[in-house]
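Engineer: What follows is a protein structure lacking sequence information:
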């Protein structure tokens, strides 16, 4: 059974907080490639940033997501990914119009059940690493809501409740 579980969805929808809670409970988690790239690029005065060179940024996100998958091996328990290479491929396809990018998602499968955090204006914040608006985050969410099922994944929308309840929802869904 594939133990690579994707938590994706709206930027600013609470994914990172949710993954921190799953990590606190002892599960392996993989931090979002985009956040790691932005931190490194800001630190080094690099240009592979979504607001400077989005194509370079997304190519790095795909490469990092592939490396993340390879680095975790074959786990015995759930591993939770904050976004996936599919997220980066969807964004790159949207930017460039190249549909062949989605084949990467077919070759590198995750668990059948994908969890999406919906737009949640109450918790959405912009910061140095998240400079886009809630409207652009909602457009991204709409694309993901369409693409994951088109690649054969089953979606579960994470409810807008406290982080402990969100983690419980995910674990109970996976264990049923």
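Structural biologist: It's in. Every value quoted in this text rests on a predicted model; they were computed, and no experiment measured them. Numbers count the residues shown, from 1 in each chain.
Engineer: Measure how buried the residue nearest to residue 33 when sequence neighbours are not counted is and give me the count.
Structural biologist: Spatial nearest neighbour of residue 33, chain neighbours left out: residue 64 (3.9 Å); criterion: C-beta to C-beta, 6 or more residues apart in numbering. Just so you know, the C-beta spots here come from the backbone N, C-alpha and C atoms, and that holds for glycine as well. By the measure other C-beta atoms under 10 Å, the count of residues near residue 64 is 20.
Engineer: Could you look up the SS state of residue 64?
Structural biologist: What DSSP: H, G, I helix; E, B strand; the rest coil gives for residue 64 is helix.
Engineer: Pretty sure it sits against residue 35.
Structural biologist: No - with contacts counted by C-beta atoms under 8 Å, residue 64 stays clear of residue 35, the gap being 10.5 Å.
Engineer: Now do the strands in this structure.
Structural biologist: Here the chain has its strands, by DSSP state E, at 4-9, 28-30, 79-82, 113-117, 154-157.
Engineer: Quick check: buried residues in the third one?
Structural biologist: Same thing as strand 79-82. Of all the residues in strand 79-82, those buried under the rule 16 or more other C-beta atoms under 10 Å are 79-82.
Engineer: returning to what we had before: now tabulate the strands of the chain in JSON lines and tack on distance to residue 16 and mean pLDDT.
Structural biologist: Shown next, in JSON lines, are the strands of the chain (distance: least, C-beta to C-beta, whole Å; pLDDT from 0 to 100):
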{"stretch": "strand 4-9", "distance to residue 16": "9", "mean pLDDT": "94"}
{"stretch": "strand 28-30", "distance to residue 16": "9", "mean pLDDT": "95"}
{"stretch": "strand 79-82", "distance to residue 16": "6", "mean pLDDT": "96"}
{"stretch": "strand 113-117", "distance to residue 16": "10", "mean pLDDT": "95"}
{"stretch": "strand 154-157", "distance to residue 16": "18", "mean pLDDT": "97"}
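Engineer: Tell me which of the ones you listed sits nearest to residue 54.
Structural biologist: Taking C-beta to C-beta, strand 4-9 is the member of these nearest to residue 54, at 18.3 Å.
Engineer: what's the closest one packed up against?
Structural biologist: Judged by 3 or more C-beta pairs under 8 Å, 6 or more residues apart in numbering; DSSP states H and E, the packing partners of strand 4-9 are helix 15-24, strand 79-82, helix 85-96, strand 113-117, helix 134-150, helix 163-175.
Engineer: Could you list the low-pLDDT ranges of this protein?
Structural biologist: Residue ranges of the chain with pLDDT under 70: 1, 99-102, 120-135.
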